[in-house]
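Novice: Here's my sequence, what's the structure:
(chains A, B, C and D)
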There are 2 protein chains.
Amino acid sequence: MTSEETLEQFNLRKTKIRIAVLDSLSQSAVAQSYSTMQNALHEFDRTTLYRTLLTLTEYGLIHKAYEENGESFYARCFGCTEQVHNHEHLHLKCSSCGGVECIEISDQLKSSLAQLPFQEINISAKGDCSACVSA
Amino acid sequence: MTSEETLEQFNLRKTKIRIAVLDSLSQSAVAQSYSTMQNALHEFDRTTLYRTLLTLTEYGLIHKAYEENGESFYARCFGCTEQVHNHEHLHLKCSSCGGVECIEISDQLKSSLAQLPFQEINISAKGDCSACVSA
DNA sequence: ACTCTAAATGCAACATTGTTGCAAAACAAA
DNA sequence: TTTGTTTTGCAACAATGTTGCATTTAGAGT
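Specialist: Numbers count the residues shown, from 1 in each chain, chains lettered A, B, ... in the order given. Alright, predicted model coming up:
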């Protein structure tokens, strides 16, 4: 599904920056930092980017995968809605390249987490991402 | 063990702010935000607080329990050293009071996490903290 | 107690991000 | 195309992250 179709599906206006952000995150294997996106989308005002990320997060199209020292990383959501967030993966901050990767978790870990009486459980870890390991 | 004794054990100078930060976090049941500490320790410069938190984190006396929207929460470490971090608990951000609580995790979850090939695994969740639930 | 040296602090300064208000521009429906 | 609503761009400010440097302090030795 294209970014335009996705926005349409969620009844969101198809603006340039929303399409650009969705396109960018959809094509990226790793989560992108706010500053990276700001550089890539320098044609837009940073406030607009800020609010775009808020809106897309609110509607469950993207999620904040990782945050450290004031730097936020965003990734495309798959299978999330405004009501149900399905983030059954962990976020790996690469000690080598600094990137953030979303990684699927085992069924065992999923069931352990499912027993917890909390919402929006998020696991982050540090290590080497797949790109850096294979390099 | 007193904060002074702890600092001595780690070969850290016993300065006023370090003792104050350790005392404060040791007595607190929940993690404290940077801004909270800054208000409580307004006699010290915020840069000094910033560097104190860095140093105490580096030596494993405290840890950053949670970070969201640029607000960091710190908690006392127990059983951590500079080399080995033993953060086998999750950090619960209370949807009600906004506080951050450290919660022990089950052995099952611990063993699931132990199988992962990553370091510094951190679990955060949102829900109601024990104080707000019982209130 | 005094001195010395390394470490820590306070202050200034700047970058980045978070956040809000408001007028102008863009979008979507009629 | 017109119109009403939403979004954007810009200004502005707060908070935090971060560094450099001169001053002060802590701890060791005398």
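
Novice: Return the residues of chain A in contact with DNA strand D.
Specialist: Proximity of chain A to DNA strand D (C-beta under 7 Å from any atom of the strand) is limited to residues A:12-13, A:15-18, A:43-45, A:47-48, A:51-52, A:55, A:69-70. All C-beta atoms are positioned from the backbone trio N, CA, C, and that covers glycine.

Novice: of all the residues in chain A, which ones are close to chain B?
Specialist: A:67-70, A:90, A:92, A:95, A:106, A:108-109, A:112-113, A:115-127 (C-beta under 8 Å from any C-beta of the partner chain).

Novice: picking up where we left off before, where strands are concerned, which of the residues of chain A next to DNA strand D count?
Specialist: Members of the residues of chain A next to DNA strand D lying in strands (criterion: DSSP state E): none.

Novice: taking these one by one, which sit in helices?
Specialist: Those of the residues of chain A next to DNA strand D mapping onto helices are A:16-18, A:47-48, A:51-52, A:55, per DSSP state H.

Novice: ok, those vs residue A:75, which is closest?
Specialist: residue A:52 (14.8 Å; C-beta to C-beta).

Novice: Am I right that that closest one is in contact with residue A:22?
Specialist: No: look at residue A:52 against residue A:22 with C-beta atoms under 8 Å: they stay out of range, at 9.5 Å.

Novice: can you tell me which residues contact the residue of chain A most remote from its centre?
Specialist: Here chain A reaches farthest from its C-alpha mean at residue A:115, the gap being 24.5 Å by C-alpha atoms, centre = their mean. By C-beta atoms under 8 Å, 6 or more residues apart in numbering or on different chains, residue A:115 lies in contact with residue B:106.

Novice: now the helices: where do they sit in chain A?
Specialist: Using DSSP H, helices in chain A cover A:3-9, A:16-27, A:34-40, A:46-58, A:107-114, A:130-134.

Novice: Same list (these) but as CSV, adding mean neighbour count and mean pLDDT.
Specialist: Shown next, in CSV, are the helices of chain A (neighbours: other C-beta atoms under 10 Å in any protein chain shown; pLDDT from 0 to 100):
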stretch, mean neighbour count, mean pLDDT
helix A:3-9, 15, 95
helix A:16-27, 18, 96
helix A:34-40, 16, 95
helix A:46-58, 15, 96
helix A:107-114, 14, 87
helix A:130-134, 12, 86
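
Novice: between those helices, which one is nearest to residue A:100?
Specialist: Residue A:100 lies closest to helix A:34-40 among the helices of chain A, at 10.5 Å (C-beta to C-beta).

Novice: tell me which strands and helices the closest one is in contact with?
Specialist: helix A:16-27, helix A:46-58, strand A:71-76 (3 or more C-beta pairs under 8 Å, 6 or more residues apart in numbering or on different chains; DSSP states H and E).

Novice: Please name the nearest non-neighbouring residue to the most centrally placed residue in chain A.
Specialist: The centroid of chain A falls nearest to residue A:75 when counting by C-alpha atoms, centre = their mean (1.7 Å). What sits nearest to residue A:75 in space, not counting adjacent residues and going by C-beta to C-beta, 6 or more residues apart in numbering or on different chains, is residue A:31, at 3.9 Å.

Novice: same deal with residue A:69?
Specialist: residue B:67 (7.9 Å).

Novice: What count of nearby residues applies to residue A:101?
Specialist: Residue A:101: 25 surrounding residues under other C-beta atoms under 10 Å in any protein chain shown.
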